[in-house]
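In: Give me coordinates for this.
(chains A, B, C and D)
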4 protein chains.
Amino acid sequence: MCMHKIKSKYNIFKQRAHIIIYGTSTKAGRYFDLILLGLILLSVLLVMMETVTEFDLKYHDELVLLEWIITGFFTIEYFLRIISINRPWKYIFSFYGNIDLLAILPMYLSFFFIGTSILSVVRSLRLLRLFKILNHPQFTSQSVQLKKAINASRGKIVVFIYFVLIITIIIGALMYVVEGKQSGFTSIPASIYWTIVTLTTVGYGDISPVTPLGQFIASFVMILGYGIIAVPTGIVTAEIAKTVQNLSHHSQTPCKDCGSEDYPNNANFCPNCGNSF
Amino acid sequence: MCMHKIKSKYNIFKQRAHIIIYGTSTKAGRYFDLILLGLILLSVLLVMMETVTEFDLKYHDELVLLEWIITGFFTIEYFLRIISINRPWKYIFSFYGNIDLLAILPMYLSFFFIGTSILSVVRSLRLLRLFKILNHPQFTSQSVQLKKAINASRGKIVVFIYFVLIITIIIGALMYVVEGKQSGFTSIPASIYWTIVTLTTVGYGDISPVTPLGQFIASFVMILGYGIIAVPTGIVTAEIAKTVQNLSHHSQTPCKDCGSEDYPNNANFCPNCGNSF
Amino acid sequence: MCMHKIKSKYNIFKQRAHIIIYGTSTKAGRYFDLILLGLILLSVLLVMMETVTEFDLKYHDELVLLEWIITGFFTIEYFLRIISINRPWKYIFSFYGNIDLLAILPMYLSFFFIGTSILSVVRSLRLLRLFKILNHPQFTSQSVQLKKAINASRGKIVVFIYFVLIITIIIGALMYVVEGKQSGFTSIPASIYWTIVTLTTVGYGDISPVTPLGQFIASFVMILGYGIIAVPTGIVTAEIAKTVQNLSHHSQTPCKDCGSEDYPNNANFCPNCGNSF
Amino acid sequence: MCMHKIKSKYNIFKQRAHIIIYGTSTKAGRYFDLILLGLILLSVLLVMMETVTEFDLKYHDELVLLEWIITGFFTIEYFLRIISINRPWKYIFSFYGNIDLLAILPMYLSFFFIGTSILSVVRSLRLLRLFKILNHPQFTSQSVQLKKAINASRGKIVVFIYFVLIITIIIGALMYVVEGKQSGFTSIPASIYWTIVTLTTVGYGDISPVTPLGQFIASFVMILGYGIIAVPTGIVTAEIAKTVQNLSHHSQTPCKDCGSEDYPNNANFCPNCGNSF
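Out: Below you'll find the model as predicted:
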């Protein structure tokens, strides 16, 4: 009887935890999400701070304390997620399950091994959970539109990058021969790195051509990059323009018979139900 | 009687000041605006000149004199603005009211404190008043169109920047681990700074990867940036294209017979019903 | 009688010179244009070569000789242009007339003054004549389209650059205060220069922020520049897209009655003559 | 009789070789293509590795051995291509025929001459064969669309680059005069190189203006570059948008009754005449 009561209470606890952790429809669920996001941001901020030497020297103990508190919270969250779900293994081996484990593991490993604290950098991967916020209603339509446009342009962009990579290797090899080792083009991979730096118009200047011929070829590569940068932009723009226009199609008055809003501007009949306008 | 006369004169003065300062419909009002804009530009130019050491050494006294003259004018303008408006507090606590005060305060504070002259840099904020010129008729339609397009694309751009920032932090953390302190990636914030410099294709070269793996990841980031730059461009372009097309559509009066608005600008007959224009 | 003959011959000579120099319809006129373009390119190439120290040391005499030959030809061309035109003063004071004179003057001045040879650099302005080649039939339609699109977008781009310049000054003043003299931000003009270098994603790296706050603001400026670069692209793209689409309008079968090709795709009547399709 | 048999066998061998090497319809032909692509990639990788000094010192012998194996394979492939084709000379003097020969020649020349191994870099040109992969069905439609859009925009882009080059030379000459030799602008060609580096927003920083006037002109060039980069993007985008729109238009079968093609993809009735699909 008593055992039964505990089990029943545990089940209620599990259900509540499930609603709070996985759900977004209740107030508690939404608050949990917000707090989690805040803690993720805080933990990433802590990791950042620790890498700043001056800051770390001053506030090392405070940083470590805060890290342990956050790690504690994340550990509890991790086990609650496992407990409150029906198929725990599915979560554990899922993408986010792995990240959640990786985010807490380094702190505990630092007991046994020295220098693993740098691994706490992987905690920044938990930031990917922030993408889930994009599923909230006020962002959905915007991010769905963007996703659609990007997906539609993926094929063309793959072809384009394929083309760019081949060009990059050939130009890299050419510049290696022309410029040689004395001016930073120490190897073909370094030359290819330079070509990418130039073609994408980043232009660090850590490697730059010094011979007249090298500078001439570099000028050519830059003008090429100038023209080439137009291509991905053109692809994505065309797709977004299509999405935006399709959307403005939908701002029409719906058909009185079937409610369809997807018809050309000058339609005489509804293309869905054949109703005459 | 005399008092009444003075008050009446004062009221007329207030009215005139209001028309000149706040109005743009009278000739005096427009001249005032132009003179004010000129003085703002001049004052900003003065502040600039003072920061150029060689110039300041030569013409220090002249610069200071001119600054006092302009500050005097701005002070008078500030009090006239307060006097001539019905609800002075609303102006004083408004955005432009604060800026107008901040633009004159530093000069007077320099009596009491040394080194506040650098604060006169805030005077450059008065340049924001120059945006008001965009409300002049010859610019209105252009800036309204731009504003519309930018507002329409704001939602998507927020989602996009959110996405870029998360990616930036993760890549920054990764590069910190890969490159380490010896090659400029001294902390995660510095690494994130480098990632932004690279993703936006600015590429200062003050920090640049030296390890082969770091250069490989950097190449990947650059090509990513190449693709990513296409997205905001695509968003804004699509919206501007819509505005431009809507404009060229709706600027026509619809046909009186059938209401069609879809005809060339120089049409003599409605292409839909054949009605003569 | 003899005088008359000479004058008549001179008139014929003037007419021929006019046809050859100003005309493009005859074979000789087109050949003259081509030879002139070739000589302009050659003269610019010579000026370039002279500035390359190693090259100048080796071939100084040959370069000078060639320059004199070309200057001779340009001088003859200049006087022929004056002689063969009806209103010579109009040419002399025209834009191209001034450039043509400036292109030959430095060589003659080098007799009297030393060091004016550097002025022969102005000869490169004659390159502007190369734009006339764009009026040749095979380029006309392309350059007309481009000009149309660029003209249509000029208004918006002026508003945009106005906005960018104000932002640039404010950010420049801010960075001057934040970074200070020790990290390259020696004056507000230098700071503004840095802001433009960053906003336009050029990023030389000759000046770059070193303080954390400066780097944070710089990151913000870069992301702003990322968004801002989308605007002019969007403006121009929208206008070019409109031009291209208008053009594809014209690929319709012309109206049988009036030959007009400018009507909506779904027109029932010709908007020009009212003819029923 | 025996001779006849051998010749017959040889002919069968030739036919098979032709099908495998030049064909893509049989399984063997497709495998051959894949293996060839793999070997080309491997050979390019080997050449790259050899130029990395640390790697070459460690694994020199292994790299050379592998190179010989691949050169052997390429040699066999080269002769099979000659043997199995009907008009061998056409292949030998074709573009790919030349590249195939150039890819194997350097290794054999290294017997007689020292230092020719660097020429094995030309092997990277064989990467161009990778473009053939773009003819495979899954890429065809994407690359055809891209090619169409790029071809259509070629005319405008040529006009644009022509314009940019003239501007570049004039600005280069101007900056040479303004900045002079002491700040990196050693000659007009170097100045032009700097102008291209700046206009394309690459911005190495190996040459950068130091005089205030030079920095002012540079700022102007950058803002010009900002506006100019919009033009090729606009051209390509407009063409891609047209291709994308045409595609989504013409991929529909016209209505059997009225021939209208302007209806949503999932239409049940023609929006023009009400005909049921």
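
In: Not counting sequence-adjacent ones, nearest residue to the residue in the stretch 51-200 of chain A positioned nearest to chain C?
Out: Chain C sits closest to A:Val52 of the stretch 51-200 of chain A, with a gap of 8.1 Å, by C-beta to the nearest C-beta. In this view, the C-beta of every residue, glycine as well, is placed from N, C-alpha and C. Nearest residue to A:Val52 in three dimensions, chain neighbours excluded: B:Ser187, at 4.4 Å (C-beta to C-beta, 6 or more residues apart in numbering or on different chains).

In: how about the helices in the stretch 101-250 of chain A?
Out: A:137-179, A:188-199, A:212-228, A:230-249 (DSSP state H, counting those that start in this stretch).

In: The longest one relative to helix B:137-179, how many degrees between them?
Out: Using axes from the mean of the first three to the mean of the last three C-alpha atoms, to 10 degrees, the direction of helix A:137-179 lies 70 degrees away from that of helix B:137-179.

In: One more: the shortest one?
Out: In terms of direction (the same axes, to 10 degrees), helix A:188-199 departs from helix B:137-179 by 160 degrees.

In: Helix A:188-199 close to chain D?
Out: Yes - counting by C-beta under 8 Å from any C-beta of the partner chain, chain D has neighbours in helix A:188-199: A:188-189, A:192, A:198.

In: Check these one by one and keep those near chain B.
Out: Within those, those near chain B by C-beta under 8 Å from any C-beta are A:189, A:192.

In: so which of the residues of helix A:188-199 next to chain D comes closest to chain B?
Out: A:Pro189 (6.7 Å).

In: Where does the nearest residue to the closest one once chain neighbours are set aside fall, secondary structure wise?
Out: Excluding its sequence neighbours, the residue lying closest to A:Pro189 (C-beta to C-beta, 6+ apart) is D:Met48, at 5.6 Å. Assigned by DSSP states H and E, D:Met48 falls within helix D:27-51.

In: Look through the stretch 1-150 of chain A and state the residue closest to chain D.
Out: For the stretch 1-150 of chain A, C-beta to the nearest C-beta, closest residue to chain D: A:Ala149, 10.9 Å.

In: Is that residue in contact with A:Ile240, as I believe?
Out: Yes - if you go by C-beta atoms under 8 Å, A:Ala149 and A:Ile240 touch, sitting 4.4 Å apart.

In: Overlap in contacts, those two.
Out: Each of B:Gly234 lies in contact with both A:Ala149 and A:Ile240 under the rule C-beta atoms under 8 Å, 6 or more residues apart in numbering or on different chains.

In: More neighbours: these two, which one.
Out: In terms of neighbours (other C-beta atoms under 10 Å in any protein chain shown), A:Ile240 is the more surrounded of A:Ala149 and A:Ile240; the figures are 30 against 25.

In: quick revisit: in contact with the residue of the stretch 51-200 of chain A closest to chain C, which residues are there?
Out: Counting by C-beta under 8 Å, 6+ apart, A:Val52 has contacts B:186-189.

In: try 10 Å this time
Out: Contacts for A:Val52 (C-beta atoms under 10 Å, 6 or more residues apart in numbering or on different chains) come out as A:58-59, B:186-190, C:212.

In: try A:Lys14
Out: A:80, A:83-86.

In: For it, give me the pLDDT.
Out: For A:Lys14, the model assigns a pLDDT of 84.

In: Where does it sit: helix, strand or coil?
Out: helix (DSSP: H, G, I helix; E, B strand; the rest coil).

In: Poorly predicted segments of chain A, please.
Out: Within chain A, the stretches with pLDDT under 70 are A:1, A:114-119, A:132-140, A:245-277.

In: Domains of it: list them as residue ranges, please.
Out: Chain A is divided into the following domains under automatic domain parsing: A:2-135, A:138-250.

In: Please identify the deepest-packed of those domains.
Out: domain A:138-250 (a mean of 21; mean count of other C-beta atoms under 10 Å in any protein chain shown).

In: what residues does the stretch 51-200 of chain A put near chain D?
Out: A:152-160, A:162-163, A:165-174, A:176-177, A:180-181, A:185-192, A:197-200 (C-beta under 10 Å from any C-beta of the partner chain).

In: 8 Å instead, please
Out: Close to chain D, as judged by C-beta under 8 Å from any C-beta, the stretch 51-200 of chain A has residues A:155-156, A:158-160, A:162-163, A:166, A:169-170, A:173-174, A:176-177, A:186-189, A:192, A:198.

In: ok, and what's touching the helix holding D:Met48?
Out: Against helix D:27-51 from outside (C-beta under 8 Å, 6+ apart): A:169, A:173, A:176, A:186-189, A:192, D:19-24, D:55-56, D:59, D:63, D:66-67, D:70, D:73-74, D:77, D:103, D:117, D:120-121, D:123-124, D:126-127, D:129-130, D:132-133.

In: hmm, try it at 6 Å
Out: A:187-189, D:20, D:23-24, D:55-56, D:63, D:66-67, D:70, D:120-121, D:123-124, D:126 (C-beta atoms under 6 Å, 6 or more residues apart in numbering or on different chains).

In: Repeat that for stretch A:180-188.
Out: Contacts of stretch A:180-188 (C-beta under 6 Å, 6+ apart): A:172-173, A:175-176, A:179, A:191, A:207, A:210, D:48, D:51-52.

In: No more questions from me, cheers.
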